[in-house]
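# Generate coordinates for the sequence data below:
(2 chains)
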Number of protein chains: 2
Amino acid sequence: MKEKGLLIVLSGPSGVGKGTVRKEIFSQPDTAFEYSISMTTRQPREGEVDGVDYFFKSRKEFESLIQQDKLLEYAEFVGNYYGTPVDYVKETLESGKDVFLEIEVQGARQVREKFPDGLFIFLVPPSLSELKNRIVTRGTEPEHVINNRMTVAKEEIEMMNLYDYVVENDQVELACDRINSIVVAEHCRRTRVEPRYIKMLEAE
Amino acid sequence: MKEKGLLIVLSGPSGVGKGTVRKEIFSQPDTAFEYSISMTTRQPREGEVDGVDYFFKSRKEFESLIQQDKLLEYAEFVGNYYGTPVDYVKETLESGKDVFLEIEVQGARQVREKFPDGLFIFLVPPSLSELKNRIVTRGTEPEHVINNRMTVAKEEIEMMNLYDYVVENDQVELACDRINSIVVAEHCRRTRVEPRYIKMLEAE
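Take a look at the predicted model:
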């Protein structure tokens, strides 16, 4: 009996380290899930590779995909579009593999509507002041942008109630361990596995 | 802010290996939870130690504790009583530590009524025939006892719907990893941790 894969959605406030955590998870050789690469219209940061970190697209290309309903979710964030191509996600889940999305909170809300039984994980900083430190340390933005980000982050933390799990990003390795544990646990959730055991019992 | 510990309840059909899994978990040096030792009126098996594996009691002593309402749960199983002393569990949870119970399914049902937000884990064999093999291999029971056990086990697997999680005991180490993952995940469950983050946001 082939079971559909789990849709795992990692989101959280801007600057909390979603990308770092995602990269660490996928650097582990025994990672059992497939990463769905997002599309964005923002400029690549240093070291980011098209088709690896993101699919980098022009606004015109992105808006064309929106028109064709080819995005599972999309959001405009700090002036740029971010989105998830839908076909890859659906095909991979159907094949029985878990799919991992790392997306902004606006997008996670859209995915929740389409995949209510997805596994929604909210990444949070150990404290809001720690969040501010990380944004400042990144050092690429002027102060008014940072203050704006803080306001956005507070709003996003208030959005926590859309999620199933909350993972503190105190250390990247610990956050990854927690996320991996959540996926293992979710595969053991009774409501997901009960049909398989009922079948086993009938076969005896 | 001190949070109450989690009550973790491991149960499952007779012969599935609950005791072996529990011993393996508590042999790990980084186990973060406290084991609640059960009471029983059955005879110690070879190597079992009073106050370590069980508190071994006479029927008279056990029935006196039932009368005094000193048991969180108890059950009579294959002619013997098994039960959980209540005071230790409540005090340990209040102190913020997780408590681990390994009990029979009848007892788990009683605990569910008293602790509806406990973490209930059902241990299952990879197949029912595998379950039968293990009971036969134990080699201490005549065939009619084994057949009776199989009937009981089928009924118990049908009781799976009382539990939050189902863990397959295909290999003891894997079962322990899954249980540890479930506990980690449960500590990240949004409904458990949200109050802490709301407080953090208000303090900013």
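
# And for the residue nearest to A:Arg109 when sequence neighbours are not counted, the neighbour number?
Counting by CB to CB, 6 or more residues apart in numbering or on different chains, A:Arg109 lies nearest to A:Leu162, which is 6.1 Å off, once chain neighbours are set aside. C-betas here are computed from N, CA, C, even on glycine. For A:Leu162, the neighbour count with other CB atoms under 10 Å in any protein chain shown is 15.

# show me the contacts for A:Leu162.
By CB atoms under 8 Å, 6 or more residues apart in numbering or on different chains, the residues touching A:Leu162 are A:105, A:108-109, A:112, A:120, A:122.

# can you tell me how far it sits from B:Glu61?
Between A:Leu162 and B:Glu61 the computed distance is 52 Å (CB to CB, to the nearest Å).

# Same check on A:Thr151?
A:Thr151 sits 64 Å away from B:Glu61, going by CB to CB.

# Over to A:Ile179?
A:Ile179 sits 47 Å away from B:Glu61, going by CB to CB.

# of the two, who's got more company?
More neighbours surround A:Ile179 than the other of A:Ile179 and B:Glu61, with 25 against 13 (other CB under 10 Å).

# so what's the more buried one up against?
So A:Ile179 contacts A:8, A:10, A:21, A:25, A:121, A:167 (CB under 8 Å, 6+ apart).

# if you set the cut-off to 7 Å instead, what comes out?
A:10, A:25, A:121, A:167 (CB atoms under 7 Å, 6 or more residues apart in numbering or on different chains).

# In strands only, show me these.
A:10, A:121, A:167 (DSSP state E).

# Identify each buried residue in stretch A:74-90, please.
The neighbour-count criterion (16 or more other CB atoms under 10 Å in any protein chain shown) identifies A:74-75, A:77, A:81-86, A:89 as the buried residues of stretch A:74-90.

# mind listing which of those are in helices?
Applying DSSP state H to those, the entries found in helices are A:86, A:89.

# any idea how far A:Lys70 is from A:Gly5?
Taken as CB to CB, the span from A:Lys70 to A:Gly5 is 20 Å.

# Who has more neighbours out of the two?
Remark: of A:Lys70 and A:Gly5, A:Gly5 carries more neighbours, 18 against 15, as counted by other CB under 10 Å.

# Which strand or helix spans the more buried one?
Using DSSP states H and E, A:Gly5 maps to neither a helix nor a strand.

# That one against A:Glu91, yeah?
No: using CB atoms under 7 Å, A:Gly5 is not in contact with A:Glu91; the gap is 10.2 Å.

# Nearest residue to the middle of chain A?
For chain A, A:Glu102 is the residue whose C-alpha lies nearest the centre (CA atoms, centre = their mean; 2.3 Å).

# What residues does that one make contact with?
A:Glu102 makes contact with A:10, A:18-19, A:22, according to CB under 7 Å, 6+ apart.

# measure it to B:Val145 for me?
Noted for A:Glu102: a distance of 54 Å to B:Val145, by CB to CB.

# do you know how far A:Gly17 is from A:Ile146?
Distance of A:Gly17 to A:Ile146, given as CB to CB: 16 Å.

# Looking at those two, which one has more neighbours?
Taking neighbours as other CB under 10 Å, A:Gly17 and A:Ile146 compare with A:Gly17 leading, 19 against 14.

# Can you find the helix or strand of chain A with the lowest average pLDDT?
For chain A, using mean pLDDT, DSSP states H and E, the weakest element among its helices and strands is helix A:128-138, scoring a mean of 64.

# Helices of chain A, start to end?
Under DSSP H, chain A gives helices at A:18-27, A:59-67, A:86-94, A:105-114, A:128-138, A:143-158, A:172-187, A:190-203.

# Same list, those helices, but as JSON lines with distance to B:Thr31 please.
Shown next, in JSON lines, are the helices of chain A (distance: least, CB to CB, whole Å):
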{"stretch": "helix A:18-27", "distance to B:Thr31": "25"}
{"stretch": "helix A:59-67", "distance to B:Thr31": "49"}
{"stretch": "helix A:86-94", "distance to B:Thr31": "35"}
{"stretch": "helix A:105-114", "distance to B:Thr31": "34"}
{"stretch": "helix A:128-138", "distance to B:Thr31": "29"}
{"stretch": "helix A:143-158", "distance to B:Thr31": "32"}
{"stretch": "helix A:172-187", "distance to B:Thr31": "15"}
{"stretch": "helix A:190-203", "distance to B:Thr31": "24"}
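
# for A:Ser58, what are its contacts?
By CB under 7 Å, 6+ apart, the residues touching A:Ser58 are A:Thr41.

# Highest mean neighbour count out of the helices of chain A?
helix A:172-187 (a mean of 20; mean count of other CB atoms under 10 Å in any protein chain shown).

# Rounded mean pLDDT for that helix, please.
What helix A:172-187 shows for mean pLDDT is 96.

# what about it, distance to the chain center?
In terms of CA atoms, centre = their mean, to the nearest Å, the centre of helix A:172-187 is found 13 Å from the chain centre.

# how many other residues sit next to A:Glu168?
Number of residues near A:Glu168 (other CB under 10 Å) recorded here: 19.

# hang on, isn't it packed against A:Phe122?
No: using CB under 7 Å as the test, A:Glu168 is too far from A:Phe122 to be in contact (10.0 Å).

# Looking at the ones in strands among the contacts of A:Ile179, state which has the most neighbours.
A:Ile121 (29 neighbours).

# Surely that residue touches A:Tyr165?
Yes: between A:Ile121 and A:Tyr165 there is a contact at 4.7 Å, judged by CB under 7 Å.

# got any residues that touch both of those two?
Shared contacts of A:Ile121 and A:Tyr165, defined by CB under 7 Å, 6+ apart, are found at A:Ile182.

# mind checking how far the closest residue to A:Lys4 other than its chain neighbours is from A:Glu102?
Spatial nearest neighbour of A:Lys4, chain neighbours left out: A:Leu93 (5.3 Å); criterion: CB to CB, 6+ apart. According to CB to CB, A:Leu93 and A:Glu102 sit 16 Å apart.
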